[in-house]
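Enquirer: Quick one, structure for this:
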Amino acid sequence: MRFVRRGLPRLAIGVADLVAEGEQPLVTLRRAQETELPAELAFGFIDGASDYRDRVVASRRLEAAGDRQTALSTGIVTDDALAVALADHRLQEIWDGRETVSLALTDRRLALEPADTVTLIRPEGRISFRVTKIEDGLARRIEGKSIDPYGSGVPTGGGTVGTPEWSPDPGPPDVAVLDLPSLSGVDAPAARIALFADPWPGPFGVAIGSASSGYQLRQSIPQRAVMGTIAAAIPPGPVGRWDRATFLEVSLPAETLSGEPAEAVLNGRNIVAIGHAADGFEVIQFRDALLVGEGLWRVSGLLRGQGGTSDHAAAGHAPGSRFVLIDAATPLLALDPAETGLLRSLRAGPLASAYDPESFTTLDFTVHGRALLPHAPAHLRATRNPVGDLRLDWIRQTRLGGDGWDQAEVPLGEASEAYRVLILEGPSERGRFETSAPHLTLSAATLAAMLSAPGVSFIARVSQLSATAGAGIATEILVHG
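Expert: Numbering: from 1, shown residues only. Model (predicted):
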């Protein structure tokens with residue numbers, strides 16, 4: 001390999017240095033047609049100012065007669081301005097070298113090598129060319145391409161570089177598996193998955209399996225979820241009516257929230273899940289959202305305990321609880337119903353990328369099937385007759401198809417109607433009963449036999465039963481003696 005400074009003549013030769021070969025002329029000049037030369041050159045390079053991406057720039061000769069194109073791919077790391085100058089220079093070189101010079105020299109010119117620049121002096125005038133081929137025989141046959149000795153030198157660039165584009169690595173995504181009630185009325189586990197990364201590099205793949213058996217791709221997540229945390233504690237709240245006293249302080253690292261009219265909220269807009277995977281999530285809807293600081297939102301006009309999550313509404317939430325907006329970015333998790341209740345493991349990372357712990361998140365989780373649990377009975381009340389018998393009455397809720405206002409009674413939603421009633425005195429269970437109707441009567445004698453003393457207060461706790469999921473969410477009242 002030789003590195004030669006181009007454009008400097010190595011030597012000059014005259015007619016006396018040429019050797020005649022048979023009937024061939026001393027010097028042969030062949031000129032390429034314009035239609036044989038490229039009108040445009042595409043120059044490929046690596047842009048060091050744009051995260052080392054492959055780039056292509058083009059140079060075009062406006063006075064060219066044809067439309068032939070050629071490409072030159074290089075491994076040069078440079079900037080856009082120098083790449084354009086190199087493309088222009090290379091295209092000009094091709095046109096300057098449209099003439100091929102062929103001649104034979106005496107053996108006194110053994111020092112001549114390929115890539116040398118030679119000036120031939122003859123009566124017709126001077127011609128400069130770069131040696132491209134040498135054949136040694138009885139004479140040294142030389143072939144070269146014409147050059148313009150007065151042309152521009154090799155470009156060095158303008159010395160200016162644009163601001164480099166930085167593509168930060170978001171690292172492994174934040175992943176949340178949300179074991180939620182059914183929000184679509186489908187009688188099946190309705191766990192959802194939410195992923196967040198900033199910046200979002202593109203679709204993520206979610207694979208489920210184990211390190212020993214391997215992970216199989218289940219689904220792709222095309223967009224990140226609106227995920228954040230609760231900045232302040234949320235107190236217990238009412239269910240079945242607007243909560244105008246409570247507001248949420250929500251911290252979001254990215255994305256935004258927007259308010260909706262009350263009618264839109266009642267029709268299913270602005271649904272969020274708040275809580276933790278270990279304790280469960282409350283489904284809340286909100287009407288108003290106001291940006292009060294950098295990444296800090298005040299959310300108000302709440303509907304608490306939606307989808308039968310009244311137990312979480314009654315418990316409240318501690319600071320740091322997850323806040324996840326439920327929309328198209330939080331799809332149902334592709335989980336087989338037979339996997340409900342099993343400990344599973346997932347890996348989430350850039351789609352079609354090999355596993356890398358620096359960019360993938362591995363998460364163990366269990367979906368218990370919150371969507372299969374019967375909702376808590378409503379309007380539980382206790383009445384006594386004059387002889388001391390106690391009657392408990394309640395109205396059942398349904399987890400399926402209960403949104404129709406013209407129904408005389410909501411669908412049962414279970415294979416059969418059944419309820420469990422627990423009688424609790426302090427932490428101790430004093431009695432357990434099951435009934436197939438939304439009421440239960442306990443005689444004064446039964447109460448006397450169960451309780452520790454006459455007139456003691458106790459708790460009556462009622463839950464609807466499911467043939468597959470067991471006892472659902474309970475509701476309770478304190479009964480005074």
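Enquirer: so what secondary structure elements neighbour the longest strand along the chain?
Expert: If each strand of the chain is counted by residues according to DSSP state E, the longest one is strand 280-293. For strand 280-293, the packing partners by 3 or more Cβ pairs under 8 Å, 6 or more residues apart in numbering; DSSP states H and E come out as helix 262-266, strand 271-276, strand 296-306, helix 310-315, strand 322-326. No exception for glycine: its C-beta is placed from N, CA and C like everyone else's.
Enquirer: Recalculate using a threshold of 10 Å.
Expert: Helices and strands touching strand 280-293, by 3 or more Cβ pairs under 10 Å, 6 or more residues apart in numbering; DSSP states H and E, are strand 174-178, strand 242-243, strand 248-251, helix 262-266, strand 271-276, strand 296-306, helix 310-315, strand 322-326.
Enquirer: Please spell out which residues along it are buried.
Expert: Of the residues in strand 280-293, those buried by neighbour count under the rule 16 or more other Cβ atoms under 10 Å are G280, F281, E282, V283, I284, Q285, F286, R287, D288, A289.
Enquirer: and if you look at stretch 262-270?
Expert: Buried positions in stretch 262-270, judged by neighbour count with 16+ other Cβ under 10 Å: V265, R269, N270.
Enquirer: just to revisit the earlier point, for the helices and strands packed on strand 280-293, which one sits closest to V387?
Expert: Proximity to V387 (Cβ to Cβ) singles out helix 310-315 among these, at 34.0 Å.
Enquirer: How about residues contacting the closest one?
Expert: Contacts made with helix 310-315 from outside it, assessed by Cβ atoms under 10 Å, 6 or more residues apart in numbering, are listed as 234-240, 243, 273-275, 279-284, 302-306, 309, 373, 375-376, 378, 397, 472-475.
Enquirer: Tell me which helix or strand comes right after the host helix or strand of R130.
Expert: Under the assignment given by DSSP states H and E, the secondary-structure element containing R130 is strand 125-136. With elements assigned by DSSP H and E, the helix or strand that comes after strand 125-136 is strand 140-146.
Enquirer: If I take that following strand and strand 125-136, what angle do their directions form?
Expert: 130 degrees (axes from the mean of the first three to the mean of the last three Cα atoms, to 10 degrees).
Enquirer: helices or strands next to strand 140-146 in the packing?
Expert: Counting contacts by 3+ Cβ pairs under 10 Å, 6+ apart, strand 140-146 packs against strand 27-31, helix 80-96, strand 99-105, strand 117-122, strand 125-136.
Enquirer: where's R55, which helix or strand?
Expert: In this structure, R55 is located in strand 53-60 according to DSSP H and E.
Enquirer: and if you look at A474?
Expert: Using DSSP H and E, the element containing A474 is strand 470-479.
Enquirer: Which strands or helices does that strand pack on?
Expert: Contact partners of strand 470-479 among helices and strands, from 3+ Cβ pairs under 10 Å, 6+ apart: helix 310-315, strand 378-384, strand 390-395, strand 419-425, strand 458-466.
Enquirer: one more time with 6 Å
Expert: Counting contacts by 3 or more Cβ pairs under 6 Å, 6 or more residues apart in numbering; DSSP states H and E, strand 470-479 is packed against strand 378-384, strand 458-466.
Enquirer: could the ones you listed go into CSV alongside mean pLDDT and distance to A39?
Expert: Formatted as CSV, the entries for the helices and strands packed on strand 470-479 read as follows, by pLDDT from 0 to 100; distance: least, Cβ to Cβ, whole Å:
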stretch, mean pLDDT, distance to A39
strand 378-384, 96, 80
strand 458-466, 96, 76
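Enquirer: follow-up on the earlier one: what subset of the contacts of helix 310-315 is buried?
Expert: Looking at those with 16+ other Cβ under 10 Å, the buried ones turn out to be 234, 237-239, 243, 273-275, 280-284, 302-306, 309, 373, 375-376, 397, 472-475.
Enquirer: Output the below-cut-off pLDDT ranges for this protein.
Expert: Confidence mapping of the chain against pLDDT under 70 gives the ranges 1-10, 62, 64-65, 149-168, 187.
Enquirer: Mind splitting it into its structural domains?
Expert: Here the chain is described, according to automatic domain parsing, as comprising the domains 11-146, 174-369, 378-479.
Enquirer: Pick the most deeply packed of these.
Expert: domain 174-369 (a mean of 17; mean count of other Cβ atoms under 10 Å).
Enquirer: how long is that domain end to end?
Expert: Distance across domain 174-369, first residue to last, is 22 Å (Cα to Cα, to the nearest Å).
Enquirer: Check stretch 191-211 too.
Expert: Between the opening and closing residues of stretch 191-211 we find a distance of 23 Å, counting by Cα to Cα.
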